[in-house]
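>>> Any chance you could fold what I've pasted below:
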Amino acid sequence: MGLPALRNDPQYERVAEKPRLRVVKPQATSRPSRRPAAVSRKSVQRVYTSFVLLVALVALLGMGRVWLSASAAKASIEVTSLQSQIKAAQNEGDILEVRKSSLATPSRIQAVASTAMGMASAASSTYLDLANVPTVASLKTPSVAAAGTTGSAFSRMLEKAVNMAAGEAHQLLVGDVGLASE
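Numbering: from 1, shown residues only. Got it, this is the predicted structure:
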């Protein structure tokens, strides 16, 4: 359970051995040394600066490539979104065109006119040529102006009736043209 006892006999004492070392002098050889004799601080600084610039350039190019890839992915997503919006708008346009066609059929217009507006089919058709019809401003002739001095209330009422009839005729004409042009 322990270490053996040491003897204190001088006869068993150990003599410390000295290591056998010797100094070796360099020999002159023809081969170059591994390390250059004089490396200047300036050349080390140039190598270090070049290395740092090279690493920075590679990092910059890498970041540029990542940025371009991200931009391309974003543009692709936007293109896909716009294509789906275009397709939806085309579908909606097609639906509206079909609806317009169904609403503009002559049979439907006749049915709406007879039921909702109480109109009936005309026995005969008469067409007006409005190319040579004078305007309301040209209807004020000297005889109307003279009538205005004697019966101003009557002339004003007549002028209002003519203006109202002309406005309604214009609305009907534009309304028919509007239906035909759409």
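>>> Counting neighbours, what do you get for M63?
Neighbours of M63 under the rule other C-beta atoms under 10 Å: 10. In short, each C-beta sits where N, CA and C put it, glycine included.
>>> Which parts of this protein are helices?
Taking DSSP state H as the test, the helices found in the chain are 41-103, 106-115, 142-150, 152-181.
>>> Lowest mean pLDDT across those, which one is that?
Across these, helix 142-150 has the smallest mean pLDDT, namely a mean of 49.
>>> could the helices of the chain go into TSV alongside distance to E17?
Below are those laid out as TSV (distance: least, C-beta to C-beta, whole Å):
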stretch	distance to E17
helix 41-103	46
helix 106-115	125
helix 142-150	150
helix 152-181	123
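>>> out of these, nearest to T126?
With C-beta to C-beta as the criterion, T126 lies closest to helix 152-181 of the helices of the chain, at 13.3 Å.
>>> Nearest to A122, out of the helices of the chain?
Taking those one by one with C-beta to C-beta, helix 106-115 is closest: 11.0 Å.
>>> Need the residues that contact the closest one.
With contacts defined as C-beta atoms under 8 Å, 6 or more residues apart in numbering, helix 106-115 is touched by S102, M119, A120, S121, L179.
>>> one more time with 10 Å, if that's ok
S102, L103, T105, M119, A120, S121, L179 (C-beta atoms under 10 Å, 6 or more residues apart in numbering).
>>> What is the neighbour count of the closest residue to the fourth one other than its chain neighbours?
Setting aside the residues directly before and after it, M119 is nearest to A113 in space (C-beta to C-beta, 6 or more residues apart in numbering), at 4.2 Å. A113: 13 surrounding residues under other C-beta under 10 Å.
>>> before we move on, the earlier item: need the max-distance pair from the contacts of helix 106-115.
Within these, S102 and A120 form the most distant pair, 23.6 Å apart (C-beta to C-beta).
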